[in-house]
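Participant: Have a look; sequence and predicted model below, questions after that.
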Amino acid sequence: MRTIPSSELIINGDGSIFHLHLKPEQLADIVILVGDPARVSMIAEYFDARECEVSNREFLTVTGTYKGKRMTVMSTGIGIGNIDICVTELDALANIDFETRQVKEQFRQLTLVRLGTSGAIQQDIEVGEVVFSRTSLGFDGLISYYEGRDAVCDLDLERAFTEHTGWYEKLPAPYFVDADKTLFEHFKDVTREGITIAAPGFYAPQGRWVRIAPHDKDLNHKIETFRYGERRITNFEMEGSALAGLSALLGHRAATICTIIAQRVAKNACTDYKPFVRRMIETALDKLAVL
């Protein structure tokens with residue numbers, strides 16, 4: 001059995017994992033992921049009790065119970081790179097023996113649910129709606145660094161998309177990964193289904209033009225008009241593809257759920273979106289409590 005070197009899995013002197021500063025016993029099986037540390041506090045307000053609160057850099061974590069169900073809520077900050085850190089370290093907390101630095105014999109499956117905000121790229125999706133990313137589309141290339149990439153991706157959908165868009169060959173290859181099917185079934189009565197793009201940036205990677213023009217000024221139009229059977233791409237965000245891909249490779253259940261706070265086609269945005277986010281949080285907590 002492989003022993004993981006200390007340079008590959010860094011464990012702090014107090015027995016916590018390097019970036020998250022969590023110890024294995026502080027992690028619940030259900031983990032809610034949010035970008036903003038302030039949103040951790042918002043969610044933790046609903047907990048019946050709190051076991052711990054741990055903070056390091058942008059990673060703020062609270063573990064407690066909601067309606068008797070043990071849950072962890074953690075902020076990831078913004079972007080794909082942070083999801084690479086978070087999912088890898090959460091899996092290590094669950095499935096690596098920190099004493100021997102070896103994989104445990106008994107696998108512990110986590111349920112990872114991201115609650116985020118997003119911009120819609122279809123005219124009929126309105127601000128305030130909640131979209132469940134049944135499939136995540138990665139513009140980031142992260143999953144291609146990992147062995148087994150093709151086994152968890154929808155290669156037919158990938159080919160159809162690259163052909164439709166005339167994908168620029170110097171960009172990372174896009175990839176499509178489905179959310180966990182049981183989570184999709186569990187949440188489909190309170191969300192709208194979609195294919196969600198996770199972009200590696202907020203501006204040009206999402207087609208925004210401030211001072212530097214995007215390489216392909218028509219890419220968003222190509223995205224909006226793409227169809228795969230009856231399916232279409234619905235919204236942009238910045239983390240879901242890495243969450244879906246890494247979780248699929250590691251054997252965890254994962255999903256991304258986002259409140260729409262901008263309508264990219266109509267070119268408007270809502271900056272007072274907290275009531276929409278709070279409604280999403282309340283709904284998600286109630287659903288997770290009976291999972």
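Facilitator: Thanks, I have it. Numbers count the residues shown, from 1 in each chain.

Participant: where does residue 4 land in three-state SS?
Facilitator: Counting by DSSP: H, G, I helix; E, B strand; the rest coil, the backbone at residue 4 sits in coil.

Participant: was I right about it contacting residue 96?
Facilitator: Yes. Using Cβ atoms under 8 Å, residue 4 is in contact with residue 96, at 6.8 Å. All C-beta atoms are positioned from the backbone trio N, CA, C, and that covers glycine.

Participant: Need the overlap of contacts for the two.
Facilitator: Residues touching both residue 4 and residue 96 (Cβ atoms under 8 Å, 6 or more residues apart in numbering) are residue 102.

Participant: Compare the two (neighbour count), which wins?
Facilitator: Neighbours per residue (other Cβ atoms under 10 Å) separate residue 4 from residue 96, with residue 96 holding more: 19 against 16.

Participant: Parallel or antiparallel, list what pairs with the host helix or strand of residue 259.
Facilitator: In this assignment (DSSP states H and E), residue 259 forms part of strand 253-263. Counting by DSSP bridges, the strands paired with strand 253-263 are strand 111-120 (parallel), strand 130-138 (antiparallel), strand 268-269 (antiparallel).

Participant: Out of these, which gets nearest to residue 174?
Facilitator: Ranking the strands paired with strand 253-263 by proximity to residue 174 (Cβ to Cβ) places strand 130-138 first, at 6.0 Å.

Participant: CA-only coordinates of that closest one in CSV, if you can.
Facilitator: Presented in CSV, the C-alpha positions along strand 130-138 are these (Å, rounded to 0.1, in the frame of the first residue of the first chain):
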residue,chain,number,x,y,z
VAL,A,130,-32.6,28.5,-8.5
VAL,A,131,-30.8,26.3,-11.0
PHE,A,132,-29.5,22.8,-10.2
SER,A,133,-26.5,22.0,-12.4
ARG,A,134,-27.5,18.6,-13.6
THR,A,135,-24.3,18.8,-15.7
SER,A,136,-21.3,21.1,-15.2
LEU,A,137,-19.3,22.3,-18.1
GLY,A,138,-15.7,23.2,-17.3
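
Participant: gap between that strand and the chain center?
Facilitator: Centre-to-centre, strand 130-138 and its host chain are 9 Å apart (Cα atoms, centre = their mean, to the nearest Å).
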